[in-house]
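In: compute the structure for the input listed below.
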Amino acid sequence: MSQQESYHKIEFSIVDGGPLDKGLKRVGLTKSGANFLGIRLAAIRVIRCLSLLIVTTWALPILAQEAQAADLSALIAPLKQDATEASPVEFMNRPIFTIRSEFMGYTQEERAITVRDRIKSAMEKGGDDHVSIRPTPEGGRFIELNGLAVFQIRPSDLDPLTGESVDETAKNAAENLRIAVGEAREQSNSRIIVKGFGLFVLASLFFYGVCRFIYWMENRIIKRLQIWMQVWEEKLTVAVRPQQALNVLVFVARFAKWAVVLMAGYEWATFSLRQFPYTRPWGETLHSYLIDTITGILSAIVNALPGLLVVFLIVLLTRFTSQLLKAFFARIESGEVTVPWMAEETARPTRKLTQALLWLFAFAMAYPYFPGSNTEAFKGLSVLVGIMLSIGGAGVVGQAASGLIMIYSRVLREGEYVKIGEIEGLVTLVGIFSTKIRTANGEEVNMPNALIGSSTTVNSSRLAEGKGLVMHTSVTIGYNTPWRQVHAMLMQAAESTPGLRAEPKPFVTQSALSDFYVEYRLCVQIERPEIRRITLTALHANIQDVFNEYGVQIMSPHYENDPLEKVWVPKDQWFEAPAEDGVDGESV
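Out: The predicted structure is shown next:
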């Protein structure tokens, strides 16, 4: 054995817990030899210190510049590296403590292996397995078993995140060692192993019986539900489908069954693992995990109660305010209340808009009080929803803006007869995003509000008195027919047409004096805009009947040459039937 190897063994024995005399005897050296090795060690240390001082003095300016350029990550990196290189010491599957620093060239893993070997050696020595703690000159603690130092806790082994002191860590490590040594003694005791196996068998039989009882209860509950559903089937049919309700209740019963089975299995596994010394730490971990989980859930519920109470009060106050606004706008919409700044048509969209804004404001106020609102997951979900709305809501916002402009400018109203582009019909709904129009063909057309805003709109109901619809039709008659007669015939056809309003009275206009004929336009108002096509068809039929009755042809003459006789109406023919003598036709 070389002197260098002997020195390392002596140093490890002295520092890591072994008495000096025992260390000298172990390597076969006398005290004088040890003193000689100590002098050589001191000389080597002096030479190393001088070399380090020279190198440090030469490199000091460079190191100063590098230190100024270093950032915070460079300072944290060593801590992270030490944390990742930590090696836990386990004995009998039970963690004793964690080694986080090297010592005399030994890595954390090598120190952990050495500690496990020393624990086995101390147990083989025999004794009452007494565990003691002894301080070290460096400020650490020796942990001794049966009078032998098995490992050392150095200040550099402490976890900086927990903030535990050396004494606290040493006490915890000593307690864990005492429990692990006791379990190791139990592992070699056949009586304890047989007893644990017996308890395991009894626990398994009990678990089997509990599962059978749970399955029996499930079948019994499902049968009860089926009988109860047959009794209440007729009454439940009004609200829900009985079969659907039964399926939901059966699902709840089976879900509760599996929940109870899993809980019972969890307890069975926990109890069974704790009966054997080697698997006992696993059982304790499962038990503590269950207790910690339940405690964490209950603690989270208790901590969330004040915030949920605030949310409840915000919702209650918002609902009360919403009901007040709803009642106020409903009275404006029905005409019971009149305000100068709002019309009846805009009361309903204003009510919906104020309701939406009110609840959005309430959500913004209640958001900080929701459980988990400050977590990164909740914040990430909020950002994701915001991005999705921003990307996909551009068109929706444009449609909504067009709808609001239409509603508050009152371009269209429900019940009006309009023509937008090629679409003509009755407005049935004016929404925020689109407008629905029912055509005379029985079709419902859904038009985007943005399209309506960019198109020309012809409203045939806005200027009509009441809720009627202005309608007109035209005929072209030659100049050889008295205009008074044409007026009278058109008025007679209007009077005989059902569905036309008597007030305001129909009237006839001469809209054009063309080269070969006169264009007459009959203007009427109909009662029901939804049957405009039927009423117009009846009016055209009556016009033809009246013109045929009085022998006047509905034809627009066209001449290629001058006629042989002049086309005119003598004065004695001005009041041809049905025109009354001395009374001009209804015209404007």
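
In: quickly list what Arg521 is bridged to.
Out: Ser474, Thr509 (DSSP bridges).

In: list the contacts of it.
Out: His472, Thr473, Ser474, Val508, Thr509, Gln510, Ser511 (Cβ atoms under 8 Å, 6 or more residues apart in numbering). Heads up, the C-betas are built off the backbone N, CA and C, glycines and all.

In: how close does it get to Val470?
Out: Here the criterion is Cβ to Cβ, to the nearest Å. By it, Arg521 lies 12 Å from Val470.

In: with Ile294 instead?
Out: In terms of Cβ to Cβ, Ile294 sits 76 Å off from Val470.

In: and those two? which has more neighbours close in?
Out: More crowded of Ile294 and Val470, by other Cβ atoms under 10 Å: Val470, with 18 against 10.

In: what strand or helix carries that one?
Out: strand 469-478 (DSSP states H and E).

In: what residues sit buried inside that strand?
Out: Leu469, Val470, Met471, His472, Thr473, Val475, Thr476, Ile477 (16 or more other Cβ atoms under 10 Å).

In: let me know the pLDDT of the fifth one.
Out: Right, the one you point to is Thr473. Thr473 is assigned a pLDDT of 92 by the prediction.

In: and it, what does it touch?
Out: Contacts of Thr473 (Cβ under 8 Å, 6+ apart): Arg521, Leu522, Leu536, Leu539, His540, Ile543.

In: likewise the first one?
Out: Neighbour list for Leu469: Tyr417, Ser460, Ser461, Gln525, Ile526, Pro529, Arg532 [criterion: Cβ under 8 Å, 6+ apart].

In: swap the cut-off to 6 Å and go again
Out: Leu469 is in contact with Tyr417, Ser460, Ser461, Ile526, Pro529, counting by Cβ atoms under 6 Å, 6 or more residues apart in numbering.

In: make JSON lines out of the contacts of Arg521 and add distance to Val248.
Out: As requested, those are exported to JSON lines (distance: Cβ to Cβ, whole Å):
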{"residue": "His472", "distance to Val248": "61"}
{"residue": "Thr473", "distance to Val248": "62"}
{"residue": "Ser474", "distance to Val248": "66"}
{"residue": "Val508", "distance to Val248": "70"}
{"residue": "Thr509", "distance to Val248": "70"}
{"residue": "Gln510", "distance to Val248": "74"}
{"residue": "Ser511", "distance to Val248": "70"}
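
In: state the pair within those residues that is farthest apart.
Out: Spatial extent of these (Cβ to Cβ) is set by the pair Thr473 and Gln510 at 14.1 Å.

In: what's the closest of the contacts of Leu469 to Glu233?
Out: For these, the nearest to Glu233 is Pro529 (47.9 Å; Cβ to Cβ).

In: which residue is nearest the centroid of the protein?
Out: Leu381 (6.2 Å; Cα atoms, centre = their mean).

In: domain ranges for the chain?
Out: Domain ranges of the chain: 3-69, 81-187, 190-278, 398-459, 469-573, per automatic domain parsing.

In: could you dump those domains into a markdown table and include distance to Leu298?
Out: Listed next are the domains of the chain as a markdown table, based on distance: least, Cβ to Cβ, whole Å:
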| stretch | distance to Leu298 |
| --- | --- |
| domain 3-69 | 45 |
| domain 81-187 | 25 |
| domain 190-278 | 16 |
| domain 398-459 | 45 |
| domain 469-573 | 64 |
